[in-house]
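S.K.: The sequence and its predicted three-dimensional model are supplied below.
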Amino acid sequence: MRGSEMKQHHEVRMEVCVDSVESAINAERGGASRIELCCNLLEGGTTPSYGLLQVVKQHTHLPVFVMVRPRGGDFLYSEHEIAVMRADLKGLRACGADGIVFGVLTKAAQIDVNLCRELLSLCGTFPVTFHRAFDMVQDPVTALEDIISLGFSRVLTSGGELSALDGLPMIGKLIEQANGRITVVPGGGITERNLQRILEGSGACEFHCSASTSRDSDMRIRNGAVRMGTPCCSSEFSIKVVDASRVRALCSIAKGIL
């Protein structure tokens, strides 16, 4: 396990994924333990700007783990995309990241061990999470051993299913297989309605969620005929942000399980 982090069994830690300064502040106000910082949450998260990281660090005191993912879609990257990841790793470290989140697969849906090893070498002693690319692997048992041997600190997973609740049996098996060698973090569709079942059913000591809500834009004059993204995207006048009250509620549920 990388870095100086020690697993604390007396508390369940909550990581909140955020893509704005407002959301990061709300996550901290609600009692989150850690932030995963990214952009483009509608695509599962991509690498945030250096500016976003710097301003988030100025306005919050939580550890900020930063996503390094050059685009949405699959996790098989071209040489140019890998070059971007290398450059981002170096730049994000210099801008104050507290941890890194990435994942790379081969064409055969296996962990790209060689490329992961190279990228990990650029992370120094930072704790590194293997993200939900893990849910796309052909053989999760072998994949878990690969990322443990590489030295990842955590793996974020929905158990290979659409949501962590659906993948709960696999998450439990992975935690048992890990046996303390890596922290398995359930994530994907976690809400106030299912968190207790997921934590009790898996034995996880950390979890990952968005805890978001939508707020209306302050724009007074609106052109509703234009969309900046694809037609399936939400309106430009509906803004997704982390809801501090939802974070607080999830933290209370987690504490009540202890």
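M.R.: That came through, no problem.
S.K.: What's the separation between the residue sitting nearest the centre point of the chain and residue 167?
M.R.: Centroid-nearest residue in the chain: residue 36, 5.2 Å away (criterion: C-alpha atoms, centre = their mean). The gap separating residue 36 from residue 167 is 19 Å, by C-beta to C-beta, to the nearest Å. The way it works is simple: take the backbone N, C-alpha and C, and place the C-beta from them, glycine included.
S.K.: List the buried residues in whichever strand or helix holds residue 255.
M.R.: Assigned by DSSP states H and E, residue 255 belongs to helix 244-257. Neighbour-count burial for helix 244-257 flags 244, 246-251, 253-254 (criterion: 16 or more other C-beta atoms under 10 Å).
S.K.: Same list (these) but as TSV, adding distance to residue 90 and pLDDT.
M.R.: Converted to TSV, those look like this (distance: C-beta to C-beta, whole Å; pLDDT from 0 to 100):
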residue	distance to residue 90	pLDDT
244	33	97
246	35	97
247	32	97
248	36	97
249	38	97
250	34	97
251	34	96
253	39	95
254	35	94
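S.K.: ok, now which ones touch residue 15?
M.R.: The contact partners of residue 15, by C-beta atoms under 8 Å, 6 or more residues apart in numbering, come to 32-36, 65, 185, 187, 206-209.
S.K.: quick one on the thing from earlier: tell me the one of the buried residues of helix 244-257 nearest residue 151?
M.R.: Closest to residue 151 out of the buried residues of helix 244-257 is residue 254 (27.4 Å), distances taken as C-beta to C-beta.
S.K.: Which residue comes closest to that closest one once chain neighbours are left out?
M.R.: residue 12 (4.0 Å; C-beta to C-beta, 6 or more residues apart in numbering).
S.K.: Could you check how far that neighbour is from residue 256?
M.R.: Distance from residue 12 to residue 256, counting by C-beta to C-beta: 10 Å.
S.K.: same check, this time on residue 145
M.R.: Going from residue 145 to residue 256 by C-beta to C-beta gives 34 Å.
S.K.: returning to that earlier point: per-residue confidence for the residue nearest to residue 254?
M.R.: On pLDDT, residue 12 comes in at 92.
S.K.: Quick check, it in contact with residue 253.
M.R.: No - shown here, residue 12 and residue 253 do not form a contact pair, counting by C-beta atoms under 8 Å, at 9.1 Å.
S.K.: Neighbours of residue 110, how many?
M.R.: By the criterion of other C-beta atoms under 10 Å, residue 110 has 14 neighbours.
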